[in-house]
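# Just to be clear, the model below is a prediction. Sequence and coordinates:
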Amino acid sequence: MSGPLIDAEDDAATPLTPDERRDLIPSYITTRDQLNEVEQLGIAEADRWAFGRKRDVLDERFLLGLHKRMFRDVWKWAGSFRTTPRNIGVDAYKIGVELRQLLDDVRYWSAHSTFAPDEIALRFHTRLTWIHPFPNGNGRHARLAADLLVVALGGRRFTWGGAGLIDANAVRRAYIDAVRAGDNYDFAPLQRFARS
């Protein structure tokens, strides 16, 4: 067995409740490395599906379906809003309202060219992670959704630091710091990171 156990505290991952952990589908998974590996398989499949044809990323049902595609073989709650409190994110009962407001805002920004395409997509990403709609996988979901949005707006996909962000390392730390700056409306660090 390599790496920390799935139940171990990890400041780079959203803590799951015991009930949420019990909804893990593959019974053989005991470590974070195993979990990351099986989640990455689903994310890669969802990426191919999502970019396989034009999608309306600003549709709530699509966003739920995207999360489900990413994690459906791993978590029973994939594609469902969280119902439990978190140390980050809005209260669970506010998720639907906050998400609809975000989608309306992004539609307005896009229709009126309020910001450049990169900034629209990064603002979308930042607010989506701030809402934190799912028990887990929010950053990965928001990055894929932002990629879809920037491409739909005529831009090119982000590189997100050019490395995987699963492991808690310097690249992941830079990403988290950049997202936190975005939470305070400073999008320059996230812009630099997303295009590095």
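That came in fine, so what should we check first?

# Show the low-confidence segments of this structure, by residue range.
Under the criterion of pLDDT under 70, the regions of the chain flagged as low confidence span 1-13, 163-168.

# biggest helix in it by residues?
Criterion DSSP state H: the longest helix present in the chain is helix 32-50.

# Can you name the element that comes right after it?
Using DSSP states H and E, the helix or strand that directly follows helix 32-50 along the chain is helix 60-71.

# Following element in sequence after that following helix, please.
Counting by DSSP H and E, the element after helix 60-71 in chain order, helix or strand, is helix 95-111.

# and that following helix, which residues are buried?
Within helix 95-111, the residues that qualify as buried by neighbour count (16 or more other C-beta atoms under 10 Å) are I95, E98, L99, L102, L103, D105, V106, W109, S110. (C-beta placed from N, C-alpha, C; glycine too.)

# Same check on stretch 72-80?
Within stretch 72-80, the residues that qualify as buried by neighbour count (16+ other C-beta under 10 Å) are R72, V74, W75, W77, A78, G79.

# These: which two are farthest apart?
When C-beta to C-beta is used, the two most widely separated members of the buried residues of stretch 72-80 are V74 and G79, lying 11.5 Å apart.

# Tell me, how many residues neighbour the residue nearest to D91 when sequence neighbours are not counted?
What sits nearest to D91 in space, not counting adjacent residues and going by C-beta to C-beta, 6 or more residues apart in numbering, is P85, at 6.9 Å. Each residue near P85 was counted by other C-beta atoms under 10 Å, and the total is 10.

# From D23, how far off is P85?
When distance is defined by C-beta to C-beta, to the nearest Å, P85 is 17 Å away from D23.

# Please apply the same query to N138.
16 Å.
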